[in-house]
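1. Build the 3D model from these lines:
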Amino acid sequence: CNSSTLCHVTILSLSQFNMTGNIPSSLSQLNYSVGWDFSNNNINGSLTAVAGGSETNPGVLTYMKSLQFQSNQLTSSLPEYLCNGTQLRELNLQYNQLIGSVPTCLGSALVQVQVFNIGDNQLSGRNLLSQSMTNLSSIVYYNIQNNMFTGSLFPSTSTSSLGLGVGLGLQHLMVGSNKLSSTIPTSINALTNIVMMDCSVNMLVGNLPVLSDLINLKTVSFASNRLDGGLDSGLFASVQTKLQNIDISYNGFVGTIPSDIFTLTALQVLSASENCFTGAIPTSICGAHQLVTLALNGLQSNTHFCPGISLPFAKSPLMNTIAGGIPSCLWYLSNLQSLYLAGNGLTGVIDSNSSLVSNAPVPLSTSITNVTLSHNLFTGKIPNLIQEYSFYDFDVSHNKLSGTGGGLTGDSNNITYAINRISGFLPSSFREA
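-> A predicted model of the protein is given here:
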């Protein structure tokens, strides 16, 4: 209220009120609004009433700092009038059915925006970051995932600042599941505040640059792109003590998996399936004590980049083989829950150090529940220590395993032995099924 006792509505907080229908046009008269939260309702129609005014009159956006309409059923395109929201710190329109392209003026108008979230819609056009981020210097959270945006990941630049101006405070970059098609600039290493980077399911090409300066990074995914080339031995660094999740699966990377990945002290999840890797699984994996999920299926099986071969004993094709077997230490990583090594042509016995299995100085990991070792070239008997363990899923099908009475005696739920050379009696878990 001012000195004349004239009051204005400045904040509307109506999240989760089960509201339906269109946005009332009368709301466009609330020209002193600072924040609207209409999230998690069933509002449909367009955003025209939100924008209000005209291209020269900001209307309700004059003082607006936060505009939240996520998780509704809005179906319109984004009006040009949104570019009047020069005071906006947060624009959240995620989980709607918005269509059309994003007004190009937003890239230069939202000079103070920190949260820009238009993910999970049906929007198209060029990624704002591929045009310029010079004026998006305050941005912290950028989410355009699950749309149909095209263009490059960042502007074409040779500078160390990616054309971001001073916008190096970016912490969350979520551009997955779009149609971005460019190389990844080496200057991405300048985003030293980045915490989460999801660039998966796009059409990015070229090499993956070194990311070792991103010391705050916790999660990174470049899965399902068209990246190729070798991975630099310094791709990651030991100073990245927060890095927990890495997903580089479904690309065309060649060479060996860098051993220093497993020296990351916080590493919990590594997915590198379906690439064109060669060489053995690095023994440095024995030091990955925080590892929870290891997904290395078909390390050399991406047929788009590396043509495969079929082995006659397998009903489904086994692609080019990987050298060596399984490091025996995997069975003793105390936090490991899921181990996926299918389709690699790994050789030897399932535990290459049988003396360690028979007389283990430490018990088999009590965390491991899911094991998939199918479509390899393993021989010999499944070690007793592993047979006696209770798994949720245990798949060793399409190998050359032998022995008698080779079934798991533990309380395992899903066991798959198909296409092996095991004989003898079925375990009780089969007979009682």
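
2. all strands of the stretch 51-200 of the chain, in order?
-> 66-68, 73-74, 90-92, 99-101, 115-117, 122-126, 141-143, 148-150, 172-174, 196-198 (DSSP state E, counting those that start in this stretch).

3. Which of these sits closest to residue 245?
-> Set against residue 245 and scored by Cβ to Cβ, the strands of the stretch 51-200 of the chain come closest in strand 196-198, at 8.9 Å. From N, CA and C alone the C-beta is placed, and that goes for glycine too.

4. Partner strands of that closest one and their direction?
-> With DSSP bridges as the test, strand 196-198 is paired with strand 172-174 (parallel), strand 219-221 (parallel).

5. For residue 86, which of these is the nearest?
-> Of all the strands paired with strand 196-198, strand 172-174 sits nearest to residue 86, with 22.6 Å by Cβ to Cβ.

6. ok, residue 223 to residue 250 distance?
-> Counting by Cβ to Cβ, to the nearest Å, the gap from residue 223 to residue 250 is 5 Å.

7. again, but for residue 280
-> 22 Å.

8. Look at these two and report which has more neighbours.
-> residue 250 (21 against 14; other Cβ atoms under 10 Å).

9. was I right about the more buried one contacting residue 274?
-> Yes. Using Cβ atoms under 8 Å, residue 250 makes contact with residue 274 at a distance of 4.9 Å.

10. Identify the contacts common to these two.
-> residue 302 (Cβ atoms under 8 Å, 6 or more residues apart in numbering).

11. How much space separates residue 127 from residue 373?
-> 40 Å.

12. Next SSE downstream of the helix or strand of the chain with the lowest mean pLDDT?
-> Least confident helix or strand, the chain: helix 354-358 with a mean of 41, by mean pLDDT, DSSP states H and E. Next helix or strand after helix 354-358 toward the C-terminus (DSSP states H and E): strand 370-372.

13. The residue nearest the centre of the chain: what's it in contact with?
-> Residue closest to the mean C-alpha point of the chain, counted by Cα atoms, centre = their mean, is residue 221 at 4.3 Å. Residue 221 sits next to 176, 197-200, 245-248 when contact means Cβ under 8 Å, 6+ apart.

14. Please apply the same query to residue 231.
-> 208, 248, 253, 255, 257-258.

15. In strands, which of those residues fall?
-> Members of the contacts of residue 231 lying in strands (criterion: DSSP state E): 253, 255.

16. Show me just the buried residues among the contacts of residue 231.
-> With burial judged by 16 or more other Cβ atoms under 10 Å, the buried subset of the contacts of residue 231 is 208, 248, 253, 257-258.

17. Among those, which pair sits farthest apart?
-> 208 and 257 (12.6 Å).

18. Distance of the residue nearest to the centre of the chain relative to residue 186?
-> Between residue 221 and residue 186 the computed distance is 19 Å (Cβ to Cβ).

19. same check, this time on residue 253
-> Using Cβ to Cβ, one obtains 17 Å as the distance from residue 253 to residue 186.

20. same thing with residue 234?
-> 12 Å.

21. quick one: which of those two has more around it?
-> Higher neighbour count among residue 234 and residue 186: residue 186, with 14 against 11, using other Cβ under 10 Å.

22. Test my guess that the more buried one contacts residue 211.
-> No. Residue 186 lies out of contact with residue 211 (Cβ under 8 Å); the separation is 9.8 Å.

23. what's the nearest residue in space to residue 171 that is not next to it in sequence in contact with, if anything?
-> Setting aside the residues directly before and after it, residue 171 is nearest to residue 195 in space (Cβ to Cβ, 6 or more residues apart in numbering), at 4.6 Å. The neighbours of residue 195, taking Cβ under 8 Å, 6+ apart as the test, are 171-172, 216-219, 242.

24. gap between residue 195 and residue 79?
-> In terms of Cβ to Cβ, residue 195 sits 32 Å off from residue 79.

25. And residue 388, by the same measure?
-> Distance from residue 388 to residue 79, by Cβ to Cβ: 65 Å.

26. Between the two, which has more neighbouring residues?
-> Neighbours were counted for residue 388 and for residue 79 using other Cβ under 10 Å; residue 79 has more, 18 against 11.

27. Test my guess that that one contacts residue 48.
-> Yes. Between residue 79 and residue 48 there is a contact at 5.8 Å, judged by Cβ under 8 Å.

28. In this structure, where is pLDDT below threshold?
-> For the chain, the stretches with pLDDT under 70 are 1-5, 49-58, 131-136, 156-167, 308-320, 352-363, 365, 405-412, 425-433.

29. Can you show me the helices along it?
-> Assigned by DSSP state H, the chain shows helices spanning 48-51, 106-109, 128-131, 354-358, 384-387, 428-431.

30. Redo the buried ones among the contacts of residue 231 as JSON lines? Include distance to residue 378.
-> Listed next are the buried ones among the contacts of residue 231 as JSON lines, based on distance: Cβ to Cβ, whole Å:
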{"residue": "208", "distance to residue 378": "31"}
{"residue": "248", "distance to residue 378": "26"}
{"residue": "253", "distance to residue 378": "25"}
{"residue": "257", "distance to residue 378": "20"}
{"residue": "258", "distance to residue 378": "26"}
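
31. Nearest to residue 424 among those?
-> Looking across the buried ones among the contacts of residue 231 and measuring by Cβ to Cβ, the closest to residue 424 is residue 257, at 37.1 Å.

32. gap between that closest one and residue 271?
-> Residue 257 is 12 Å from residue 271, by Cβ to Cβ.

33. if we can go back for a sec, please identify which pair of the contacts of residue 195 lies farthest apart.
-> 172 and 242 (14.0 Å).

34. Please, where are all the strands along the stretch 251-400 of the chain?
-> For the stretch 251-400 of the chain, the strands defined by DSSP E, counting those that start in this stretch cover 252-255, 269-271, 276-277, 293-295, 338-340, 370-372, 379-380, 393-395, 400-401.
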